[in-house]
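Trainee: 3D model of this:
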Amino acid sequence: MAGNDGALPVVDLTPFFTGDEGGIARATAAVRDACRTHGFFRAVNHGVPAELMARALELSAAFFALPDEEMTKARPAEGSKAPPLPAGYARQPAHSTDKNEYVLLFDPKLGFNVYPAEPAGFRDAAECCFARLTRLGLLVQEILNECMGLPPGFLKSYNSDRSFDSMVALRYFPATEEEEENGLSEHEDGNCVTFVFQDGVGGLEVLKDGEWVPAEPVDGSIIVNIADVIQVLSNNKLKSATHRVWVEPLPEFTEKIGEAPRYRGFLYKEYQQLRMRNKTHPPSRPEDVVHITHYAI
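Mentor: The predicted structure is shown next:
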């Protein structure tokens, strides 16, 4: 049910689709262990077709190969609906420590998305991916609910607002002589759970016990990253890698077991806004970037 591919724990999600109760119990235990030790695991047999993932990567690469003037057409028009972050194509400002360009998408039902006209099929593949990943997210949420020993459906009701859900196609710029390290600087994600699937280039690394270990690309697998909000709710029992008005360590992980909270309460929306400002207006100094430690006690 679980194994190790040299870096990250591997969890087979098949039992959640077949209803094998024994397999579900073993897979849940494997997720729990991975979230306590790594904050990451590699999901296989997760319900997202490998051919759809490959198609999405292929179309993303084709888009980023277009001339700049073509890519910049995939931006929202002036006066259009305002999502949490501008949807469509953008690239990081020159002073940012992160060197990448991306296409950002939200739930298609919200009407925020700006899709590239080329390559053909981009919109269909993106919307299919979004729907499949949403289903996977709801499944992982239920698994985490069980891992945390919470009442059935607790996280489902706690995290019922889907307006912050997003999907992004990323291209990292090649390193240069002036800047040997490009891509995305070390960070923790500011949401509940992040899914990552990679092309053959790879580059993702996970910090484990002070050492950086590679999360090598494996066709058809999805990397699952437990993020800040789950870490806070579990009072650091699960590593960061719900939507509610207020986020703070749950009593099941503090007063009920005689432990002090390690974070002060905060507004989920406030934290999301701070994290999004990291992206829209990245500070020139890395120490000014907001992390979950902003709320640590």
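Trainee: From now on I want contacts and neighbour counts done on CA atoms only, so please keep to that.
Mentor: Will do.
Trainee: so what's Met92 up against?
Mentor: You called it Met, but residue 92 is Gln. Listed by CA atoms under 8 Å, 6 or more residues apart in numbering, the contact set of Gln92 reads Asp98, Lys99, Asn100, Glu101, Lys279.
Trainee: Swap in 6 Å and give it another go.
Mentor: Gln92 is in contact with Asn100, counting by CA atoms under 6 Å, 6 or more residues apart in numbering.
Trainee: Tell me the confidence at it?
Mentor: We have a pLDDT of 75 for Gln92.
Trainee: can you check the one 3 residues further on too?
Mentor: pLDDT, the model's per-residue confidence, is 67 for His95.
Trainee: Regarding the protein, what is its longest helix?
Mentor: helix 122-147 (DSSP state H).
Trainee: name the helices or strands packed onto that helix?
Mentor: Helix 122-147 is packed against no helix or strand, with contacts defined by 3 or more CA pairs under 6 Å, 6 or more residues apart in numbering; DSSP states H and E.
Trainee: after that helix comes which helix or strand?
Mentor: Beyond helix 122-147 on the C-terminal side, the first helix or strand identified by DSSP states H and E is helix 154-158.
Trainee: next helix or strand past that next one?
Mentor: Helix 154-158 is succeeded, C-terminally, by strand 166-172 (DSSP H and E).
Trainee: mind checking how far the closest residue to Leu105 other than its chain neighbours is from Val196?
Mentor: Once flanking residues are discounted, Leu105 sits nearest to Met167: 5.1 Å by CA to CA, 6 or more residues apart in numbering. Using CA to CA, to the nearest Å, Met167 is found at 10 Å from Val196.
Trainee: Show me which of these two is the more surrounded one.
Mentor: Neighbour comparison, Met167 and Val196: the larger count goes to Met167, with 21 against 14 (by other CA atoms under 10 Å).
Trainee: Show the pLDDT at that one.
Mentor: 92.
Trainee: cool, Arg162 as well?
Mentor: Reported pLDDT for Arg162: 84.
Trainee: now do Asp189
Mentor: 71.
Trainee: any idea which element it lies in?
Mentor: Short version, using DSSP H and E: Asp189 is in no helix or strand.
Trainee: ditto for Glu51
Mentor: For Glu51, the host element (DSSP H and E) is helix 50-64.
Trainee: ok, then the element right after that helix?
Mentor: helix 68-71.
Trainee: Please compute how far the helix or strand just after that next one lies from its chain's middle.
Mentor: Going down the chain from helix 68-71, the next helix or strand is strand 88-91, by DSSP H and E. Mean C-alpha position of strand 88-91 versus that of the full chain (CA atoms, centre = their mean, to the nearest Å) differs by 18 Å.
Trainee: what's strand 88-91 packed up against?
Mentor: Checked by 3+ CA pairs under 6 Å, 6+ apart, strand 88-91 has strand 100-106 packed alongside it.
Trainee: Enumerate every residue touching the residue nearest to the spatial centre of the chain.
Mentor: Central residue of the chain (CA atoms, centre = their mean): Thr194, 2.0 Å from the mean position. Thr194 makes contacts with Val224, Asn225, as judged by CA under 6 Å, 6+ apart.
Trainee: For it, give me the pLDDT.
Mentor: 89.
Trainee: SS state for it?
Mentor: Under DSSP: H, G, I helix; E, B strand; the rest coil, Thr194 falls in the strand class.
Trainee: Quick check: it vs His291, distance?
Mentor: Distance from Thr194 to His291, by CA to CA: 16 Å.
Trainee: cool, Val218 as well?
Mentor: Val218 is 29 Å from His291, by CA to CA.
Trainee: Quick check: bridge partners of the residue nearest to the centre of the chain?
Mentor: Asn225 (DSSP bridges).
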